[in-house]
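Asks: this is a predicted model, with the sequence first.
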Amino acid sequence: MNRFVYVTYIRTTRQKLWEALTQPEWTERYWFGARQESDWTVGSSWKLSMPTVGLADSGEVLEVEPGKRLVLSWTNQFMPELKAEGASRMTYDIEAEGELVKLTVTHESEGEKFIAAVSGGWPKILSSLKSLLETGEPLPRPA
Amino acid sequence: MTDKPEAVHIIHIAAPAQKVWDALTDSALSPSYFFGNRFEFGEAGGDFRVIQPDGQVNSQGKVLVRDEPRLLRVTWDVVIYSDMRAETPGQVEFRLEDLGGVVRLTVSEFNRPAGAVKYEDSAREGWSLILSGLKSILETGKPMPQVQPKGPEQ
């Protein structure tokens, strides 16, 4: 099993972070235009679209605890060699620590290439999320 | 030793590389994002130390590379935890890359002592706190509220 783990601390509340992680109006601001579609109930489908590629990833909602934990199955849909590696598993864990919220993103897959790809992507996305929640502005889009 | 890091911690910061470098190497500023600890980086070939708020030396080493504002590499011997010490101390590298208005700061841990394996999770949390705090202070002008890392269980 290949595994990527990223931890970040954000000055916000668990509720605000949950909204930012799940609502497309938020994700498109810090996730460089990405929008998600799901009703966020267990067993529902989940889709992520990017302005440049259209449908980028999709999967199923496996666990939901609003403000605390979200687990998704996650399959890449736009890069054949990553799609071929099949479904990965992505978990958001949210914990309050004083005036901060600790967000842990764990992404696991049997596929090596997929985890290598998300290892480059997540730090950029989560850094932009922290900027947006703390300063009101996301990071500029990568050139 | 191989030049493949055992662990990598990355953060993107909306600031010029020089400002990130200055914040990282400013001993007076570092306690505000390093849970009270102080970084002391000497010139290349000089000493590196981490001083705790109580004045005790937490870690020490040598500055191997100091290429302002791009690369800083030190040997890092955690002297306060005896089981983390090794004949050859680990190395930590700070790499700053300017992506145009945003700096990617990559902290890589090399040659981690065998005894450090059980501290992997607390090391990740510690670095996450440091980098999150450094980003907050550079982007908002205010330190992030203090959280003490849980630290390794002894």
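Replies: Perfect, I can see it now. Numbers count the residues shown, from 1 in each chain, chains lettered A, B, ... in the order given.

Asks: enumerate every residue touching the nearest residue to residue B:24 once chain neighbours are set aside.
Replies: Nearest residue to residue B:24 in three dimensions, chain neighbours excluded: residue B:94, at 6.3 Å (CB to CB, 6 or more residues apart in numbering or on different chains). Quick note: C-beta positions are derived from backbone N, CA and C, even for glycine. Neighbouring residues of residue B:94 by CB atoms under 8 Å, 6 or more residues apart in numbering or on different chains: B:24, B:71, B:72, B:73, B:105, B:106, B:107.

Asks: in ChimeraX, how would I select the buried members of those?
Replies: A single ChimeraX command suffices to select whichever of the contacts of residue B:94 are buried according to 16 or more other CB atoms under 10 Å in any protein chain shown:
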select /B:24,72,73,105,106,107
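
Asks: what's the most distant pair in the contacts of residue B:94?
Replies: B:73 and B:105 (13.6 Å; CB to CB).

Asks: chain center to stretch A:132-143, what's the gap?
Replies: Its chain's C-alpha centre and that of stretch A:132-143 lie 16 Å apart, by CA atoms, centre = their mean, to the nearest Å.

Asks: with just CA atoms, put it into PDB.
Replies: C-alpha atoms of stretch A:132-143 as PDB (Å, rounded to 0.1, in the frame of the first residue of the first chain):
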ATOM      1  CA  LEU A 132      -8.000  31.500   1.900                       C
ATOM      2  CA  LEU A 133      -9.300  30.700   5.400                       C
ATOM      3  CA  GLU A 134      -6.700  32.900   7.200                       C
ATOM      4  CA  THR A 135      -6.300  35.800   4.800                       C
ATOM      5  CA  GLY A 136      -9.400  35.800   2.600                       C
ATOM      6  CA  GLU A 137      -7.300  35.200  -0.500                       C
ATOM      7  CA  PRO A 138      -6.200  31.800  -2.000                       C
ATOM      8  CA  LEU A 139      -2.700  31.300  -3.400                       C
ATOM      9  CA  PRO A 140      -2.300  32.500  -7.000                       C
ATOM     10  CA  ARG A 141      -2.800  29.800  -9.600                       C
ATOM     11  CA  PRO A 142       0.400  28.000 -10.600                       C
ATOM     12  CA  ALA A 143       1.800  29.400 -13.900                       C
END
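
Asks: quick check, residue B:122 in contact with residue B:150.
Replies: Yes: with contact defined as CB atoms under 8 Å, residue B:122 reaches residue B:150; the gap is 6.1 Å.

Asks: more neighbours, these two?
Replies: residue B:122 (15 against 11; other CB atoms under 10 Å in any protein chain shown).

Asks: returning to that earlier point: where's the residue nearest to residue B:24, which helix or strand?
Replies: Element membership of residue B:94, judged by DSSP states H and E, is strand B:90-98.

Asks: whichever helix or strand comes after that strand vs strand B:90-98, what angle?
Replies: Toward the C-terminus, strand B:90-98 is succeeded by strand B:103-110 as the next helix or strand (DSSP H and E). Orientation of strand B:103-110 against strand B:90-98 (axes from the mean of the first three to the mean of the last three CA atoms, to 10 degrees) gives an angle of 160 degrees.

Asks: report the strands that pair with strand B:103-110, each with its relative direction.
Replies: strand B:7-13 (antiparallel), strand B:90-98 (antiparallel) (DSSP bridges).

Asks: who touches that strand?
Replies: Contacts of strand B:103-110 (CB under 8 Å, 6+ apart): A:123, B:1, B:3-13, B:15-17, B:20, B:90-97, B:123, B:127, B:131, B:134.

Asks: for residue A:139, helix, strand, or coil?
Replies: State at residue A:139, reduced to three classes by DSSP: H, G, I helix; E, B strand; the rest coil: coil.

Asks: quick one: the strands in the chain?
Replies: Answering for chain A, as no chain was given. Per DSSP state E, chain A carries strands over the ranges A:2-10, A:35-37, A:45-50, A:54-65, A:69-76, A:88-97, A:100-109.

Asks: my question was about chain B, not that one.
Replies: Under the criterion DSSP E, strands of chain B are mapped to B:7-13, B:38-41, B:47-51, B:57-67, B:71-78, B:90-98, B:103-110.
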